[in-house]
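Trainee: Coordinates for the following, if possible.
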Amino acid sequence: QVQLVESGGGLVQAGGSLRLSCAASGRTFSSYAMGWFRQASGKEREPVAAISTSGGRTYYADSDKGRFTISRDNTKNTLYLQMNSLIPEDTAVYYCAAGRGVTEWRWGSRGAYDYWGQGTQVTVSS
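Mentor: Numbering: from 1, shown residues only. Predicted coordinates:
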């Protein structure tokens, strides 16, 4: 069982930055690949980025490449998402997720993840 708690969301102006964190409970954090998803109001939840268990491989949605950076610290059981050059279209609830079925071809699939956090709101004003 893994419990995930996101933090770091808030209101930011377009062009600004935010750093999201996801704290995981338990001693098995390093055995899970991790991902970030987001869900805007009235839209489907979509993948943002994912990272392998060791952090050696990362994956990004095309819309986020170059602006977002996913990272993890296995000594602190924490996942991060650094978001730069934010635009209003980035406004959404951001969720972190943990999974053992995450692969290069399935990183963006919700079914690859076993555990989800409760989400943190990110609002980007124009």
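Trainee: Strands of the chain, residue ranges please.
Mentor: Using DSSP state E, the strands of the chain run over 4-7, 10-13, 18-24, 33-39, 46-51, 58-60, 68-73, 78-83, 92-99, 115-116, 120-125.
Trainee: Quick check: most distant residue from the centroid of this structure.
Mentor: Most distant from the centre of the chain: S126, at 22.8 Å, with distances by CA atoms, centre = their mean.
Trainee: count of residues packed around A112?
Mentor: 19 (other CB atoms under 10 Å). The way it works is simple: take the backbone N, C-alpha and C, and place the C-beta from them, glycine included.
Trainee: Touching, it and R106? I think so.
Mentor: Yes. Using CB atoms under 8 Å, A112 is in contact with R106, at 4.3 Å.
Trainee: what sits against the residue lying closest to Q82 once chain neighbours are set aside?
Mentor: Nearest residue to Q82, sequence neighbours excluded (CB to CB, 6 or more residues apart in numbering): T69, at 4.4 Å. By CB atoms under 8 Å, 6 or more residues apart in numbering, the residues touching T69 are A49, Y80, L81, Q82, N84.
Trainee: Check the gap between T69 and R19 for me.
Mentor: 9 Å (CB to CB, to the nearest Å).
Trainee: shared neighbours, the two?
Mentor: Y80, L81, Q82.
Trainee: List the beta-bridge partners for the second one.
Mentor: On the basis of DSSP bridges, L81 is bridged to L20, I70.
Trainee: show me the contacts for the residue nearest in space to the middle of the chain.
Mentor: Nearest to the geometric centre of the chain sits W36, at 2.0 Å (CA atoms, centre = their mean). W36 sits next to 20, 22, 47-50, 70, 79, 81, 94-97 when contact means CB under 8 Å, 6+ apart.
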